[in-house]
Every structure is written in C-alpha cells, then in structure tokens.
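Student: Everything below, folded, please.
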Amino acid sequence: MESFSRYHGDDWSPERLAFHQNLEQFAERVGLIVALQGNGKISQDNAYAEIRQLWKELKGSKGNLLDPNSKA
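Tutor: Numbering: from 1, shown residues only. Take a look at the predicted model:
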C-alpha cells in the first residue's frame, strides 16, 4: 500500500531519499490516526500518544540519516 512520490531535491542523496520516504509515511499514518479519532474509533488521548510516538521516530530518523553526528 505504500507508494512514495519522487524526491526532487537539488541535494539528492540516498539518505535524503530515505528521510523523504519516512516523512511521507509519517504523514500517511497521521492522516489515518486523525480519521480513526474523528470517527470515534480511538480517543483523542490515544491519537495524541500515537502521533507523538510517530514524531519521535521521525525525529530520530532525521538525526540518523541527515545528521549522523547529532544525538537524536
């Protein structure tokens, strides 16, 4: 089900492509969580916790892929 758009950056690298895909996946998952919460399938607290965890994962991915010297 995961189809990624093309990365069109002037500063293309395999790491930037991987982060771009992670970013797209984050956006897709947040959209699904928001839809579940909006339809009453999960609570606001659960939705927030899920999105917060996804954010932490994305932030770690950015640190590992784009700035390996950072402590994400």
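Student: Now name the helix or strand holding the nearest residue to residue 50 once chain neighbours are set aside.
Tutor: Residue nearest to residue 50 in three dimensions, not counting chain neighbours: residue 33, with 5.1 Å by C-beta to C-beta, 6 or more residues apart in numbering. For the C-beta atoms, the positions are set from N, CA and C on the backbone; glycine is no exception. Per DSSP states H and E, residue 33 falls inside helix 14-38.
Student: Could you do residue 56 as well?
Tutor: Using DSSP H and E, residue 56 falls in helix 44-66.
Student: then that helix to CSV, C-alphas only?
Tutor: What follows is helix 44-66, C-alpha atoms only, in CSV (Å, rounded to 0.1, in the frame of the first residue of the first chain):
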residue,chain,number,x,y,z
GLN,A,44,-8.1,11.9,21.5
ASP,A,45,-5.5,10.8,24.1
ASN,A,46,-4.7,7.6,22.2
ALA,A,47,-4.4,9.6,18.9
TYR,A,48,-2.1,12.1,20.5
ALA,A,49,0.1,9.4,22.0
GLU,A,50,0.3,7.5,18.7
ILE,A,51,1.2,10.7,16.8
ARG,A,52,3.7,11.7,19.4
GLN,A,53,5.4,8.3,19.1
LEU,A,54,5.5,8.6,15.3
TRP,A,55,7.0,12.1,15.7
LYS,A,56,9.8,10.7,17.9
GLU,A,57,10.5,8.0,15.4
LEU,A,58,10.6,10.6,12.5
LYS,A,59,12.9,12.9,14.5
GLY,A,60,15.2,10.0,15.3
SER,A,61,15.3,9.1,11.6
LYS,A,62,16.2,12.6,10.7
GLY,A,63,19.1,12.6,13.1
ASN,A,64,20.3,9.3,12.0
LEU,A,65,20.0,9.9,8.2
LEU,A,66,20.7,13.6,7.8
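Student: Many thanks, have a good one.
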